[in-house]
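In: sequence plus predicted model, see below.
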Amino acid sequence: MKKVWTLLVCLITAIIFNSISFAQTTTPPPETSTVGTIQPQSGFEQFRNWFHNPTDWLTMGADLRVRYTYGWNLDTLKSDTLNGRASKWAWYQNRTRLWQKFKLHDDVDFNIRYTWEFRVWDSPERKNGNGGAAEVRTHSTDFGEIVFDNFNLTVRNLGNMPLTMVAGRQDIMLGEGWLIADATPLDAARTAYFDALRFTYAIPGKDKTTLDLIYVENRASEDWALQPINNRGTVITQQDERAVIAYLTDKSNPNMTLEGYFILKNDNPIDYNPVAGFLSPAPNGRDRLPNSWSKKATIYTFGGALSGPLGKSEHWKYRTEAAIQTGTKQDQRGNRDMQNLMAFGTNNRLEYHFNDARKNRLRVGLEYLSGDDPGSNKNEAFDPLWGEWPRNSEILLYTYNLETMVGEVTNLYRLGFGHSIQLTEKLSMDTDYHLLWAAENSLKDVPNHPSGLGWSDSGKMRGQLGSLVFKYNVSKNLKTHLWLEAFQPGDYYASTSRDMVYFMRINMDYTF
């Protein structure tokens, strides 16, 4: 915590000085005419331009992301787990990406992106050895592998129609990513790709109206289609997945965006547990024991969203989204029985934009994800599909690690309040506060997790969550942020699992 407070004090000091400087700059400096002159480029700028477009048929790009993350009680909610050895999290991430676009025709591109991320783990110990609790190591480096997280063919005006096809490994985010954003949740923020065939049709006569038809074929093992360099056998999602998505987006009305979708997703569990430590009963990786969080399911999702300004207001904006789910899914409580699925979810946000020089805006959000009723013979837990990424909070995702065994956020009421401001020309601040409840006491009869994490018999208050995010754009190519969060667990958890939770991340992104 000393590190957190030291960084925070330094950042607040920088904010004050930057704000004073920004406020004192009332008029821009006089412009100097450059008509008739040519500004010489530096050697670095010349190399950058050549690198981006070395030929008429090839464009390239690259970026680098460096992170340091610190956490306390992220998934155990207990400060004394293994005498505190499992409570502290500290690691570095270094991700490098290189992408290339080969122009095969005016309407045909081949896209490829290589991603390499290596991590240096200080804590917890279960990240530094095979057995976690059994093996005590204080430092380790995982040099990772080089993966192809984009590898696709893009064809526009297919068949002389307003139709675009993207075939292969690709990034897909539909709407705001509530249900469709990240198909590789188990490798954290390294990748988010889908192995898919996507057709996007611009409907004639319907200005700004598109229909996406997508077939998804995701596998738990990342090497099923493209072999990584220095393959580590990484498992990137909880099960093998096949899906069909139909997604309509209508932006023809400037005052309202309409979205409607149907998703059929079929999950087939893998029969090994790839995660060591608390998540694995055996001390070495791919044990052949039943994997309690890889579940068989056939899920039908029907949903839609509305967004835009409230009336004709220049200040009020809203977004509301809802979906129902039917089908079948294995029991959430671990007995592996197939149950009929009947679930509902909704995510809503209302914003007020001051439209001032500081870009002040306020927001309130309400999200509901139904939970499994332990007294019924159905499964009522809403499945977030490919929405298992930190949409509102980093801590919130971690607190589900040992509850659903996947970081699958469900069984939730969330009431959130937030404020954003542009403190200086380059520095912004986002502040959010969330009240969290469970919809059901789904785990009231489930024994405590081996880590000691437990759940109460009747409480439904998950807790209070606050976050503070500073973003500083050093230049067009270099961006940084400081992310701070704190969580106070409530009576949904057992009385022995209510210690404070902290999260801090320092991040730098450089785009070449």
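Out: Yes, it's here. Numbers count the residues shown, from 1 in each chain.

In: how much space separates residue 43 from residue 49?
Out: 11 Å (CB to CB, to the nearest Å). Where C-beta positions appear, they are placed from N, C-alpha and C, glycine not excepted.

In: next: residue 479.
Out: Residue 479 is 21 Å from residue 49, by CB to CB.

In: likewise residue 109?
Out: 20 Å.

In: over to residue 178?
Out: In terms of CB to CB, residue 178 sits 39 Å off from residue 49.

In: could you do residue 80 as well?
Out: From residue 80 over to residue 49 (counting by CB to CB), the distance is 57 Å.

In: for residue 219, same thing?
Out: On the measure of CB to CB, residue 219 and residue 49 end up 39 Å apart.

In: between those two, point out the one with more neighbours.
Out: residue 219 (18 against 11; other CB atoms under 10 Å).

In: now that one, nearest residue through space, not along the chain?
Out: Nearest residue to residue 219 in three dimensions, chain neighbours excluded: residue 240, at 5.1 Å (CB to CB, 6 or more residues apart in numbering).

In: tally of neighbours for residue 498?
Out: Taking other CB under 10 Å as the definition, residue 498 ends up with a neighbour count of 19.

In: with adjacent residues omitted, what lies nearest to it?
Out: Residue 498 sits nearest to residue 489 (CB to CB, 6+ apart), 4.4 Å away.

In: now swap in residue 217 and tell me
Out: Residue 217 sits nearest to residue 195 (CB to CB, 6+ apart), 5.2 Å away.

In: show me the beta-bridge partners of residue 180.
Out: Beta bridges link residue 180 to residue 386, judged by DSSP bridges.

In: neighbours of residue 200, how many?
Out: So residue 200, with other CB under 10 Å, has 18 neighbours.

In: contact partners of the host helix or strand of it?
Out: Counting by DSSP states H and E, the element that carries residue 200 is strand 194-202. Applying CB atoms under 8 Å, 6 or more residues apart in numbering, the contact partners of strand 194-202 are 158, 161-172, 183, 209-219, 225, 386.

In: can you check stretch 345-356 too?
Out: Under CB under 8 Å, 6+ apart, the answer for stretch 345-356 is 178, 310, 314-323, 325, 359-370, 382, 384.

In: gap between residue 251 and residue 295?
Out: Counting by CB to CB, the gap from residue 251 to residue 295 is 36 Å.

In: which of these two has more residues huddled nearby?
Out: Neighbours per residue (other CB under 10 Å) separate residue 251 from residue 295, with residue 295 holding more: 24 against 16.

In: I'd say that one and residue 270 touch.
Out: No - at 10.4 Å, residue 295 does not count as touching residue 270 under the criterion of CB atoms under 8 Å.

In: give the residues shared as contacts by those two.
Out: Joint contacts of residue 295 and residue 270 (CB under 8 Å, 6+ apart) are 238, 239.

In: buried sites along stretch 205-212?
Out: Going by neighbour count (16 or more other CB atoms under 10 Å), the buried part of stretch 205-212 is 209, 210, 211, 212.

In: tell me the spacing between residue 246 and residue 260.
Out: 9 Å.

In: show me where the chain dips below the pLDDT cut-off.
Out: 1-39, 83-84, 125-139, 272-292, 332-335, 405-406 (pLDDT under 70).

In: nearest residue to the middle of it?
Out: residue 389 (2.6 Å; CA atoms, centre = their mean).

In: partner strands of the lengthiest strand in the chain and their direction?
Out: Ranked by residue count under DSSP state E, the longest strand found in the chain is strand 88-105. Here strand 88-105 has these sheet partners by DSSP bridges: strand 58-72 (antiparallel), strand 108-123 (antiparallel).

In: can I get these in a markdown table with distance to residue 498?
Out: Formatted as a markdown table, the strands paired with strand 88-105 follow (distance: least, CB to CB, whole Å):
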| stretch | distance to residue 498 |
| --- | --- |
| strand 58-72 | 14 |
| strand 108-123 | 21 |
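
In: which residues in this protein form helices?
Out: Ranges of helices in the chain, per DSSP state H, are 2-24, 43-52, 394-398.

In: hmm, who's touching the shortest one?
Out: Residues external to helix 394-398 that are found in contact with it (CB under 8 Å, 6+ apart): 71, 74-75, 388-390, 407, 409, 434, 436, 465, 483, 485-487, 501, 503, 505.

In: which of the residues in that helix are classified as buried?
Out: 394, 395, 396, 397, 398.

In: what's the local residue count around the spatially closest residue to residue 411 that is not a sequence neighbour?
Out: Using CB to CB, 6+ apart and skipping the chain neighbours, the partner closest in space to residue 411 is residue 371 (2.9 Å). Residues lying near residue 371 (other CB under 10 Å) number 23.

In: with residue 105 instead?
Out: Using other CB under 10 Å, residue 105 has 9 neighbouring residues.

In: again, but for residue 88
Out: 17.

In: distance of it from residue 222?
Out: 29 Å.

In: likewise residue 316?
Out: Residue 316 is 44 Å from residue 222, by CB to CB.

In: which one's more surrounded, these two?
Out: Applying other CB under 10 Å to residue 316 and residue 222 shows that residue 222 carries more neighbours, namely 27 against 14.

In: how close does that one get to residue 177?
Out: 21 Å.

In: and residue 312, by the same measure?
Out: In terms of CB to CB, residue 312 sits 28 Å off from residue 177.

In: neighbour count: those two, which is higher?
Out: residue 177 (15 against 7).

In: you'd agree that one is up against residue 387?
Out: Yes - using CB under 8 Å, residue 177 is in contact with residue 387, at 6.5 Å.

In: tell me which residues form a beta bridge with the residue lying closest to residue 153 once chain neighbours are set aside?
Out: Excluding its sequence neighbours, the residue lying closest to residue 153 (CB to CB, 6+ apart) is residue 167, at 5.0 Å. Judged by DSSP bridges, the bridge partners of residue 167 are residue 153, residue 197.

In: residue 167: what's it in contact with?
Out: If you count contacts by CB under 8 Å, 6+ apart, then residue 167 has 152, 153, 155, 197, 198 around it.

In: what's the separation between the last one and residue 121?
Out: Taking CB to CB as the criterion, residue 198 is separated from residue 121 by 36 Å.

In: now the strands for the stretch 201-350 of the chain?
Out: 209-218, 239-253, 256-269, 297-309, 316-330, 338-353 (DSSP state E, counting those that start in this stretch).

In: ok now do residue 321, which residues does it touch?
Out: Per CB under 8 Å, 6+ apart, neighbours of residue 321: 175, 176, 178, 259, 303, 304, 305, 306, 346, 347, 348.

In: actually, residue 454.
Out: 447, 448, 493, 494, 496, 497.

In: let's see if you can find the most crowded of those residues.
Out: Highest neighbour count within the contacts of residue 454: residue 493, with 24 neighbours (other CB under 10 Å).

In: isn't residue 380 right next to residue 342, touching?
Out: Yes - the pair residue 380 / residue 342 is scored as a contact, 5.9 Å apart, by CB under 8 Å.

In: picking that back up, next, format the contacts of residue 167 as TSV and append distance to residue 460 and neighbour count.
Out: Formatted as TSV, the contacts of residue 167 follow (distance: CB to CB, whole Å; neighbours: other CB atoms under 10 Å):
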residue	distance to residue 460	neighbour count
152	44	23
153	49	15
155	51	17
197	42	16
198	40	21
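
In: can I get these in TSV including distance to residue 187?
Out: As requested, the contacts of residue 167 are exported to TSV (distance: CB to CB, whole Å):
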residue	distance to residue 187
152	19
153	24
155	29
197	22
198	22
